[in-house]
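**Q** pasting the sequence and the predicted model now:
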Amino acid sequence: MKSQAHHKRSRPKAIFIRKYPSKKTNNSNSNSNSKCTMAATASQTSAAQNAAYDIPELYRMRPAVVDALETDSSAMQQDTIEECLPFLLGEEDLGPRNVHGIPLLDKQRHLNFLRKQLGPLPGAFMAADPSRPWFFYWCLAAMSLLGEDVAFYREKLVETVRPMQNATGGFAGGQGQMSHLATTYATILSLALVGGEAAYDVVDRKSMWHWLGSLKQPDGGFQMAIGGEEDVRGAYCQTYEGGISAKPSVEAHGAYAFCALGCLSIIDSPHRGIPRHLDLPRLISWLSSRQYAPEGGFSGRTNKLVDGCYSHWVGGCWPLIEASISGPQEGFAAEAATPATEARSLFSRNGLIRYILCCCQDLSKRGGMRDKPSKNSDAYHSCYVLSGLSLAQHKWTMKSARLDATVLGSDEWVVTPYLEGQQIFSEDDRLATTHPVYVIPQHKADDIRDYFVNKAGF
Ligand SMILES: [Zn+2]
């Protein structure tokens, strides 16, 4: 990090040297009042303990420059850095680490966790009953990323979701509940994940078509349910910060950014749809500000903490941004793989990989992936942390684009292992890939689309 102390500033007291607890820094620099010493805040303890690991300074050091205004948010940010550093630096026992200080991805442990999450859950999950289809999607998507063939769950899933479909169209979160766009989305992705005609034919497309039409609003957005809220999960709103919010006049948020970019990439190819509707440079600036150091992971909003799930919500924006900048790469040959080595990444892939493998794995008996070390693992974070890890490990290229916006979803995407720079993770820890727009494996997305494209009428 470049210290702002070297720039001339009109408000000299806007920055100061953060005094860290002595047990961590043990830094008795006698010039601590001089701003010029700020770069020397790396923990001596850490340096000594981690001499064996090749960890870039950016992911070892506490931020050299912090805002002079102390608030609850800045204190929590400081606490989060202190929480993550021992995991990043190799001081926490996470089993064997490689030369880069990165522990292995314990795939088997995380698979066991996800299998359990698909079974009966404890009473505390009662409130999550209307979100049941999300658990199907989170678990099945995460298991697919870990290399599991989830077709095994087809029959069970079909039996479970069929009664959740209302005759008026759409899927509810449970039997006898109201249809909702979010649970409909999760259900259809889950059906696509298990694949096969028996799964696809559960969907009553005609009533679904009518129901979707009834949710459409005069301003172009969609309600989430009949009479329900209208937000960016059906539309999009860019804020002054450059990010995307749920609706006009509220704060920009990483998850809404992904929903908006995904939506724009469904209704037209990203290189046309995204710049046409959004201020791209401002959006890139806001997305770039979401990645923190030394943590390496993403936050969802300005002044919020790093959280593993934004590995997907924010990390997943990057392939769509990249495609919107470069447009279709007609001559791209996946076999040659050289373009991936030359590609420039708009975020620190290695920083994100560090955060995920060091801080987001629950390596206790429980398994699963989590927000940060102090949080419990869950199905939601397992899905989106692994999705973000896969996106950091692979490069998605839009090889050809549909002719125009009247053709739905026929852009051709090609995936190659990301080969730029030094690979800091073990090849055994490479995940399966997930489509940058639909967030299910590419062949599953192709299969369900082909099935319905070839079907006459509804
Ligand atoms: Zn989260």
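**A** Good, I have the coordinates. Numbers count the residues shown, from 1 in each chain.
**Q** pretty sure Tyr438 belongs to a strand, no?
**A** No. Going by DSSP: H, G, I helix; E, B strand; the rest coil, the assignment for Tyr438 is coil, not a strand.
**Q** quickly note the distance from it to the ion.
**A** Here Tyr438 is placed at a distance of 21 Å from the ion (C-beta to the ion, to the nearest Å). Heads up, the C-betas are built off the backbone N, CA and C, glycines and all.
**Q** any idea of the pLDDT on the closest residue to Gly196 other than its chain neighbours?
**A** Leaving aside its chain neighbours, Gly196 sits nearest to Arg154 (5.6 Å; criterion: C-beta to C-beta, 6 or more residues apart in numbering). Listed pLDDT for Arg154 reads 97.
**Q** assign Arg154 to helix, strand or coil.
**A** helix.
**Q** and stretch 305-319, anywhere near the ion?
**A** Yes. Stretch 305-319 comes into contact with the ion (C-beta under 5 Å from the ion), by way of 307, 309.
**Q** what distance separates that stretch from the centre of its chain?
**A** Relative to its chain's centre, stretch 305-319 lies at 3 Å (C-alpha atoms, centre = their mean, to the nearest Å).
**Q** then stretch 349-362?
**A** With C-alpha atoms, centre = their mean, you get 12 Å for stretch 349-362.
**Q** return stretch 361-373 as PDB; C-alpha atoms alone will do.
**A** Extracted in PDB, the C-alpha atoms of stretch 361-373 (Å, rounded to 0.1, in the frame of the first residue of the first chain):
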ATOM      1  CA  GLN A 361     -12.700 -22.900   6.000                       C
ATOM      2  CA  ASP A 362     -14.200 -24.400   9.100                       C
ATOM      3  CA  LEU A 363     -11.700 -27.100   9.700                       C
ATOM      4  CA  SER A 364     -13.300 -28.400  12.800                       C
ATOM      5  CA  LYS A 365     -15.400 -31.600  12.800                       C
ATOM      6  CA  ARG A 366     -18.300 -29.400  11.500                       C
ATOM      7  CA  GLY A 367     -16.700 -28.500   8.100                       C
ATOM      8  CA  GLY A 368     -18.300 -26.000   5.600                       C
ATOM      9  CA  MET A 369     -17.300 -22.500   4.600                       C
ATOM     10  CA  ARG A 370     -18.000 -19.300   6.600                       C
ATOM     11  CA  ASP A 371     -18.100 -15.500   6.500                       C
ATOM     12  CA  LYS A 372     -15.000 -15.000   8.600                       C
ATOM     13  CA  PRO A 373     -13.100 -17.000  11.400                       C
END
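**Q** now that stretch: buried residues?
**A** Within stretch 361-373, the residues that count as buried by 16 or more other C-beta atoms under 10 Å are 361-363, 367-373.
**Q** same for the ion: which of those are within range?
**A** Within these, those near the ion by C-beta under 5 Å from the ion are Asp371.
**Q** hmm, back to that, what about the residue nearest to Gly196, how many neighbours?
**A** By the criterion of other C-beta atoms under 10 Å, Arg154 has 16 neighbours.
**Q** residues touching it, list them.
**A** Counting by C-beta atoms under 8 Å, 6 or more residues apart in numbering, Arg154 touches 194-196, 198-199.
**Q** same check on Asp54?
**A** Shown in contact with Asp54 (C-beta under 8 Å, 6+ apart): 99-101.
**Q** and the gap between it and Cys359?
**A** For Asp54, the distance to Cys359 equals 18 Å [C-beta to C-beta, to the nearest Å].
**Q** over to Val202?
**A** Val202 is 38 Å from Cys359, by C-beta to C-beta.
**Q** so which of the two has more stuff around it?
**A** Neighbour totals were compared for Val202 and Cys359, and Cys359 leads with 29 against 18 (other C-beta under 10 Å).
**Q** quick one: low-confidence ranges for the stretch 151-300 of the chain?
**A** Within the stretch 151-300 of the chain, the ranges that satisfy pLDDT under 70 run 231-236.
**Q** which parts of it are helices?
**A** Under the criterion DSSP state H, counting those that start in this stretch, the stretch 151-300 of the chain carries helices at the ranges 154-161, 181-194, 197-200, 205-215, 254-267, 270-277, 280-288.
**Q** mind telling me what element the residue most central in space within the chain is part of?
**A** Centroid check for the chain by C-alpha atoms, centre = their mean gives His312 as the closest residue, at 0.7 Å. Using DSSP states H and E, His312 sits within helix 310-313.
**Q** that helix packs against which elements?
**A** helix 254-267, helix 349-359, helix 379-393 (3 or more C-beta pairs under 8 Å, 6 or more residues apart in numbering; DSSP states H and E).
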